[in-house]
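the following block contains a protein sequence and its predicted model.
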Amino acid sequence: RPSPGAMVLCGRGLPFGGRRRRRWRKCAALLGALAAAAAWAPDANGSWAFATAAPLPGGAAGPAHGRCKGAVVPRPRPRRLRSPMAAYEDLGSDFRQFLEQTDSSTYVREFLEQTDSTAYVGVGRGEAEFSRSRDFDSERWKKHASLTRYGREIIGLFFGTTTRRILPILAMLGIFATLVEAYSYFAARNYQLPEINLPAAPFELTAPLLGLLLVFRTNSSYERFAAGSRAVHSISGNLQDLLRQLLTWTSDGRPRATSEVAHICDLVVLYHRWLCTDYLLMGQHPEGKGKESRASLNRRLGRADAAPLTPALVHLALSWEMNRVPYLELPQRQGLETTLVRVNADLNVCCQLLRTPIPLAYTRSLLRFLNLWLTLLPFSLVRTFTDFNKGTWWENQPLFVVPLTTCFIGLVFLSLEDIAVQIEEPFVVQSEKLERLSSWFQMDADEMRDLTGSLQAREHYDPVQLRAAEYNEPLAP
C-alpha cells in the first residue's frame, strides 16, 4: 500500500484536478529530484549511493543552507501553508524510497552529471520566498474576487478582528437598550411610571450627516495609510538602488571587489532592518525584535546597545562611509548622496504621519456625536416598534427587537470608526509586512553580492590587482 506522501506525489487525494493537478505532479517530480540530488554522493568504493546530509534547523535531513560568512538568514514563511522544509523532507524521503525500490539510479546519476546545477545558485531565491509570503499572491487575488466571498466573509461579522475590538462597546450598548425596553414594557402596564421615548425625526435627519462624517474620517485615514505604504516601499527601493550603485559604480568602469564596500553594505542592511522593526513602529514591535535591530545597528556604529538612535546619525555614518569608497568620480559620489537625500525625504513623510494625527477636535467631536446618537437611539426605537408585534404570538411580550436593532446599527457605525482609527497610523497595523520586507531586503542584498562575485569570477583578471598595478598602490597585507 503506498504511503500518503507517495499518493500526494502521484496527485491522488488532492482537492483539485485538471491543469492544477498536472502542475502539482510536475512540481512534485522537480522537488523529488532536487531532494535526491541533495543526498546523492559517491561512497568510498566510487559507486553512487545516498549519503546522510547535515541536519537542518527544523530537524530534517538535507544540505545546510546559509549565506556568505556563514550567516543564516531567516526567511519568511507562508502564513496558512505548510512549511516548505517539511514538504521537501516528505517528498525527498518518498522519492528516495522509490529510487531504492526501482532500478533507476543510473538515469538519475546521468541526469545529475549532465546538468549544470550550479549555474544560478543563490540568484532569485529571495524574490521567490518573498512572493510566497506576501499577503496576496495570484491565488489569493482570485479568491478575493470570487463570488464565494459573499458567504465566506459573513463569519467575520461575528468573529472578525474589528468585531472583537468593538465587542465591549456593543455589549454595553445592548445592555442599555435592553434596560430601556424593559422600562418601556413595565411603564406601558403601570400608569404611575412615566413613558420615556423620543421621536424618530431627529435621528432620520442626523443619520445622513453621521454617515458622511464617518466616510470623511475613513477616507482621511486611508489616505494616510496609502501615503505611509508608498513611503516605506520608496525607502526600500532607494536603499536597494544605493546598494546597486555601491557594488557597480567605479571611475574606470572595471568591476569592483565586494570587499571594498562590504562594511557600508552591511550598514545599509542593518539600517533598513532597524527602520522596519523599530523606528517606524516606535519601539512597539509585537515580538520585541526592534531592540535587537537597534542594538545591532548601534554596535555597527561603535555605540552602546541601548543608546538612543536617530536616522540623522545613520545618514551621517553612511555619508562618511561613502566618502571612503575608493575609485569614484565626483558625479558618482553626488549620485550616491542624491539617493540618500531621497531616502531622507521619504523618511520625513513617515515621521510626519507618525507625529501628526488627524486633528483631534474632529476625531473627538465625531466620537462624542456617535456615542450620543447611539445612546439615545433605543428611546426612539421603542416608540417606532410599539405596534411591531400586534396580532402575533409576540404580542404583550418584551420587544427584544429594540436591543438587536440597536446593536446592528452600532456594529455598522462603530466598525467604520474603529477601522478608521486602526489605519490612521499606517505602520503598526503592517508590522508583519514590514518585518517580511526587511527579511526580503536582507536576502536581496546578499544575493546582489553573490551575483556580483559570480560575475567577477567569470573575468580573467582581478580588479584589485589591476588597480594596484595601475595606480602604483601597494596591496594591503
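Great, that's in hand.

going by C-alpha atoms from here, please, whenever you check contacts or count neighbours.
OK.

which neighbouring elements make contact with the longest helix that the chain contains?
Assignment by DSSP state H gives helix 201-248 as the longest helix of the chain. In terms of contacts (3 or more Cα pairs under 8 Å, 6 or more residues apart in numbering; DSSP states H and E), helix 201-248 is packed against helix 262-274, helix 330-355, helix 360-384, helix 401-424, helix 431-457.

let's see it at 7 Å
Judged by 3 or more Cα pairs under 7 Å, 6 or more residues apart in numbering; DSSP states H and E, helix 201-248 is in contact with helix 330-355, helix 401-424.

for this structure, which spans come out with low pLDDT?
Within the chain, the stretches with pLDDT under 70 are 1-136, 286-287, 388-389, 391-399, 459-477.

follow-up on the earlier one: need the winner for burial among the helices and strands packed on helix 201-248.
With neighbours defined as mean count of other Cα atoms under 10 Å, the helices and strands packed on helix 201-248 peak in mean count at helix 401-424, which reaches a mean of 19.

got the angle for that helix vs helix 360-384?
For helix 401-424 against helix 360-384, the angle by axes from the mean of the first three to the mean of the last three Cα atoms, to 10 degrees is 170 degrees.

mind giving me the packing neighbours of helix 401-424?
helix 161-187, helix 201-248, helix 360-384.

contacting residues around the strand or helix carrying M322?
Using DSSP states H and E, the element containing M322 is helix 311-324. Outside helix 311-324, the residues within contact range by Cα atoms under 7 Å, 6 or more residues apart in numbering are I264.

okay, it in CSV with CA atoms only?
Backbone C-alpha positions of helix 311-324 (Å, rounded to 0.1, in the frame of the first residue of the first chain) are rendered in CSV as follows:
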residue,chain,number,x,y,z
PRO,A,311,18.1,58.4,11.2
ALA,A,312,20.3,61.5,11.1
LEU,A,313,23.1,59.7,12.9
VAL,A,314,22.8,56.7,10.5
HIS,A,315,22.8,59.1,7.5
LEU,A,316,25.9,60.8,8.8
ALA,A,317,27.6,57.4,9.1
LEU,A,318,26.5,56.4,5.6
SER,A,319,27.9,59.7,4.1
TRP,A,320,31.2,59.2,5.9
GLU,A,321,31.4,55.6,4.6
MET,A,322,30.6,56.7,1.1
ASN,A,323,33.4,59.3,1.1
ARG,A,324,35.8,56.4,2.0
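
enumerate the positions of that helix that are buried.
Buried residues in helix 311-324, counted by 16 or more other Cα atoms under 10 Å: 314-315, 318-319, 322.

distance to L147 added to the residues you listed, as TSV?
Output for the buried residues of helix 311-324, formatted as TSV (distance: Cα to Cα, whole Å):
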residue	distance to L147
V314	49
H315	49
L318	51
S319	53
M322	54
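
among those, which one sits closest to V261?
M322 (8.8 Å; Cα to Cα).

contacting residues for L193?
For L193, the contact set (Cα under 7 Å, 6+ apart) comprises A187.

let's verify it: helix, strand, or coil?
Reducing the assignment at L193 to three states with DSSP: H, G, I helix; E, B strand; the rest coil gives coil.

for W440, which of the helices and strands packed on helix 401-424 is the nearest?
helix 201-248 (10.1 Å).

need the nearest residue in space to T218, chain neighbours excluded.
Nearest residue to T218, sequence neighbours excluded (Cα to Cα, 6 or more residues apart in numbering): A420, at 4.7 Å.
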